[in-house]
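In: Fold the following for me, if possible:
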Amino acid sequence: MINFTVGPVMSEDYILEMGKEQVPYFRTPEFSKIMLENESIVKTFAGASAASRVCFVTGSGTASMEATVINCFNEGDRVLVVNGGSFGERFVEICRIHNIDYTEIKLTPGHTLTSEDLSNYDGSHYTGFIVNIHETSTGVYYNPELISDYCKKNNLFLVVDAISSFMADEFRMQEWGVNVMITGSQKALAVPPGVSLVVLDEAALERVNSNKTTCMYLDFKSMLSNGERGQTPFTPAVGILLQIHERLKRVEEIGVDKEIERVKNLAEDFRSKIKDLPLVFFSNNMSNAVTTLKVTEGKDAYSAFESLKDEYGIWICPNGGSLKHEIFRVGHIGALKPEDNDILIKALNDLVRREIL
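Out: Numbering: from 1, shown residues only. Down below sits the predicted model:
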């Protein structure tokens with residue numbers, strides 16, 4: 001099976017070997033040292049300030065999305081939420097559930113965020129801005145510098161979900177004025193799902209410390225306090241955190257820029273090889289992490305997904321909802337090689353020959 005989804009993705013052999021090992025006890029100086037190293041490397045890769053901190057949440061990316069909202073915002077906030085797909089919609093739902101005053105910037109699926117979209121909210125007394133920088137459900141990658149400039153101009157607290165783009169696209173947290181960055185273990189970190197990470201800058205730490213705690217398990221104050229000694233409040237996903245550590249150390253050896261370049265090259269290689277197929281890009285603003293493709297009228301994207309899975313041993317990423325039969329996504333993160341692209345291209349050509357595509 002070759003996995004071209006956007007998470008969980010394929011892991012390198014050394015990560016798979018670690019998965020076979022017994023999970024060690026974690027209330028030890030040795031584990032604390034590993035966790036402190038994890039925090040330091042993640043901050044470096046994210047371009048965060050030295051005073052920033054990292055919370056390691058045992059839970060999916062959605063757990064950290066929700067944790068960020070409840071720890072960083074309160075009833076006194078008014079936030080803008082970019083909603084260009086199912087993950088933008090998820091932030092909207094989280095704000096609604098927790099009674100955070102929000103306004104949606106609703107985008108047509110596949111369309112990017114423009115300065116005209118943002119200008120409608122200039123000087124409107126908002127306090128925060130929430131965005132999935134890569135709307136994974138459609139593959140659209142929003143311009144981080146456009147968002148950065150807008151938030152700086154309007155003095156907005158900026159939360160960026162970079163779950164599927166961290167280590168696939170560059171991230172300059174301090175330079176862009178990002179206050180919170182969220183990512184997850186099963187994307188470009190390329191280890192199993194179960195851990196999500198939240199990087200908090202000084203302004204975010206101030207908000208967390210001044211906010212009332214409303215959830216015990218997702219309390220950042222408790223995570224930060226325990227994190228000072230390299231620990232977590234409750235039993236974490238120990239094995240995955242050890243795998244994260246090994247993965248971070250390996251990427252650190254070559255440099256995160258080289259890893260991002262590797263993913264970019266894989267994406268460009270795939271995109272160059274589909275030019276003769278009856279497929280079109282769903283968006284012109286794509287992350288290195290994934291390519292979203294629209295099938296021609298009369299063809300079924302979900303049938304292509306099923307055929308590749310059942311007959312060719314290849315996983316691509318299907319879509320749900322109204323786009324289920326129109327688009328599918330091909331990921332470029334994880335332990336993939338250009339030769340894997342060739343295998344997928346050959347299978348796609350075969351689907352065309354069989355009139356499935």
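In: for stretch 322-338, how far is the first residue from the last?
Out: 32 Å (Cα to Cα, to the nearest Å).
In: Ok, stretch 273-293 next?
Out: Termini of stretch 273-293 sit 13 Å apart (Cα to Cα).
In: same deal with stretch 134-148?
Out: End-to-end distance for stretch 134-148: 15 Å, by Cα to Cα.
In: Can you give me the buried ones in it?
Out: 134, 135, 136, 137, 138, 139, 140, 141, 142, 144, 147, 148 (16 or more other Cβ atoms under 10 Å). C-beta: built from backbone N, CA, C; applies to glycine.
In: doesn't residue 87 make contact with the third one?
Out: Yes. Taking Cβ atoms under 8 Å as the contact criterion, residue 136 and residue 87 are neighbours in contact, 5.8 Å apart.
In: pretty sure residue 274 is touching residue 293, no?
Out: Yes. Here residue 274 reaches residue 293: they are 7.2 Å apart, a contact under Cβ under 8 Å.
In: For the two, indicate the residue with more neighbours.
Out: Between residue 274 and residue 293, counted using other Cβ atoms under 10 Å, the more crowded position is residue 293 (23 against 19).
In: Need the nearest residue in space to that one, chain neighbours excluded.
Out: Setting aside the residues directly before and after it, residue 293 is nearest to residue 279 in space (Cβ to Cβ, 6 or more residues apart in numbering), at 4.4 Å.
In: And residue 166, by the same measure?
Out: Nearest residue to residue 166, sequence neighbours excluded (Cβ to Cβ, 6+ apart): residue 183, at 3.9 Å.
In: Which strands or helices does the helix or strand harbouring the one you found pack on?
Out: Using DSSP states H and E, residue 183 sits in strand 180-184. Contacting strand 180-184 under the criterion 3 or more Cβ pairs under 8 Å, 6 or more residues apart in numbering; DSSP states H and E are the following elements: helix 61-72, strand 157-161, strand 195-200.
In: I'd like the ones you listed laid out as a markdown table, including mean pLDDT, distance to residue 20 and mean neighbour count.
Out: Listed next are the helices and strands packed on strand 180-184 as a markdown table, based on pLDDT from 0 to 100; distance: least, Cβ to Cβ, whole Å; neighbours: other Cβ atoms under 10 Å:
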| stretch | mean pLDDT | distance to residue 20 | mean neighbour count |
| --- | --- | --- | --- |
| helix 61-72 | 98 | 26 | 24 |
| strand 157-161 | 98 | 32 | 26 |
| strand 195-200 | 98 | 19 | 26 |
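In: Of those, give the one that comes closest to residue 46.
Out: strand 195-200 (5.1 Å; Cβ to Cβ).
In: quick one, that closest one and strand 157-161 angle?
Out: For strand 195-200 against strand 157-161, the angle by axes from the mean of the first three to the mean of the last three Cα atoms, to 10 degrees is 160 degrees.
In: Neighbouring strands - and their directions - for strand 195-200?
Out: Applying DSSP bridges to the sheet, strand 195-200 is found paired with strand 53-58 (antiparallel), strand 180-184 (antiparallel).
In: Kindly export that strand (C-alpha atoms) in CSV.
Out: What follows is strand 195-200, C-alpha atoms only, in CSV (Å, rounded to 0.1, in the frame of the first residue of the first chain):
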residue,chain,number,x,y,z
VAL,A,195,-0.4,14.2,19.5
SER,A,196,-1.0,17.8,18.5
LEU,A,197,1.3,20.7,19.3
VAL,A,198,0.6,24.3,20.1
VAL,A,199,3.3,27.0,20.0
LEU,A,200,2.5,30.1,22.1
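In: Hmm, residue 18 is touching residue 241, no?
Out: No. Here residue 18 lies out of contact with residue 241, judged by Cβ under 8 Å, at a distance of 10.9 Å.
In: Looking at those two, which one has more neighbours?
Out: residue 241 (21 against 18).
In: what's the helix or strand where that one lies packed up against?
Out: Using DSSP H and E, residue 241 maps to helix 238-254. Applying 3+ Cβ pairs under 8 Å, 6+ apart, one finds that helix 238-254 makes contact with helix 13-19, helix 29-46, strand 195-200.
In: In CSV: these, plus distance to residue 219.
Out: Output for the helices and strands packed on helix 238-254, formatted as CSV (distance: least, Cβ to Cβ, whole Å):
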stretch, distance to residue 219
helix 13-19, 29
helix 29-46, 18
strand 195-200, 12
